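Q: After the sequence you'll find the predicted model.
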Amino acid sequence: DGGITQSPKYLFRKEGQNVTLSCEQNLNHDAMYWYRQDPGQGLRLIYYSQIVNDFQKGDIAEGYSVSREKKESFPLTVTSAQKNPTAFYLCASSMFRRELEETQYFGPGTRLLVL
Amino acid sequence: QQQVKQSPQSLIVQKGGISIINCAYENTAFDYFPWYQQFPGKGPALLIAIRPDVSEKKEGRFTISFNKSAKQFSLHIMDSQPGDSATYFCAASLTSGYSTLTFGKGTMLLVSP
């Protein structure tokens, strides 16, 4: 089955700890994205990547870091600098075609909780 | 700066009724307007999308109406069913050049049996 997988489904972070959320896609999509979802806040863009070894900050990048070493993978690290990390994190991917609608396909999400 | 404003925040509709969710955008350069449906604990999924060269697009019970002059677009769910109970997000982006999707804050729809 083609799709986007995120792991783990639930993640617990201790104060001062860095944690990494995994996102893998087998859709052969060029672009990948990370969003944060809080109740009543919609989806806010953290980072996105159009091609391997390149990524851009979104609206709320502070306290987060990413890497894009492979086309299929786009892990997100929530660093200790992120003081309010409790949220539902969503990974998405899309083709990068300038002339077409860039439908984004979402993974099932990871819920991060602070201990 | 919120570029896509969505209303209402929540909506309760009786089974068989019409659900209407509205969105307004600020950037006149936006030319792609998708709607996403999200069930609790799941990722959003594309429901239907429209380009501004048409005023309406229908897929089954779901219709997008688009008013370019007013910079508004809306989702209509006809014959609403309890299985439609979910959170709905509108979004907007540019397709010329590369841009990311700008999402509204979402509408929680509850269809009562």
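A: In hand now; what should we look at?
Q: Now do the residue in chain B that chain A sits nearest to: how many residues are near it, please.
A: Minimum separation of chain B from chain A (C-beta to the nearest C-beta) falls at residue B:43, amounting to 3.4 Å. Yep, even glycine has a C-beta here, placed from its N, CA and C like the rest. The burial count assigned to residue B:43 is 21, neighbours taken as other C-beta atoms under 10 Å in any protein chain shown.
Q: And residue A:51, by the same measure?
A: Taking other C-beta under 10 Å as the criterion, the count of residues near residue A:51 is 12.
Q: so what's residue A:113 bridging to?
A: Per DSSP bridges, the residues bridged to residue A:113 are residue A:12.
Q: Now the closest residue to chain B within chain A: closest residue in space, sequence neighbours ignored.
A: Here chain A gets closest to chain B at one residue, residue A:106, 3.4 Å apart by C-beta to the nearest C-beta. Of all residues not flanking residue A:106 in the chain, residue B:43 sits nearest, at 3.4 Å (C-beta to C-beta, 6 or more residues apart in numbering or on different chains).
Q: Backbone torsions only: list them for that neighbour.
A: The phi/psi pair for residue B:43 (degrees, to the nearest 10) reads phi -80, psi 150.
Q: wait, isn't it in contact with residue A:110?
A: No. Between residue B:43 and residue A:110 there is no contact under C-beta atoms under 8 Å: 10.2 Å.
Q: My guess is residue B:35 contacts residue B:86. True?
A: No. Using C-beta under 8 Å, residue B:35 is not in contact with residue B:86, being 11.1 Å away.
Q: list the buried ones in stretch B:33-47?
A: B:33, B:34, B:35, B:36, B:37, B:38, B:43, B:44, B:47 (16 or more other C-beta atoms under 10 Å in any protein chain shown).
Q: pLDDT (mean, whole number) over it?
A: For stretch B:33-47, the mean pLDDT works out to 94.
Q: And the contacts of that stretch?
A: Contact with stretch B:33-47 is made by A:4, A:43, A:90, A:92, A:101, A:103-109, B:23, B:25, B:48-52, B:62, B:64, B:66, B:73, B:75, B:86-92, B:101, B:103, B:106, as judged by C-beta atoms under 8 Å, 6 or more residues apart in numbering or on different chains.
Q: What strand or helix carries the residue nearest the centre of chain A?
A: Geometric centre of chain A, nearest residue: residue A:34, 2.6 Å, by C-alpha atoms, centre = their mean. Of the helices and strands defined by DSSP states H and E, residue A:34 is found in strand A:31-38.
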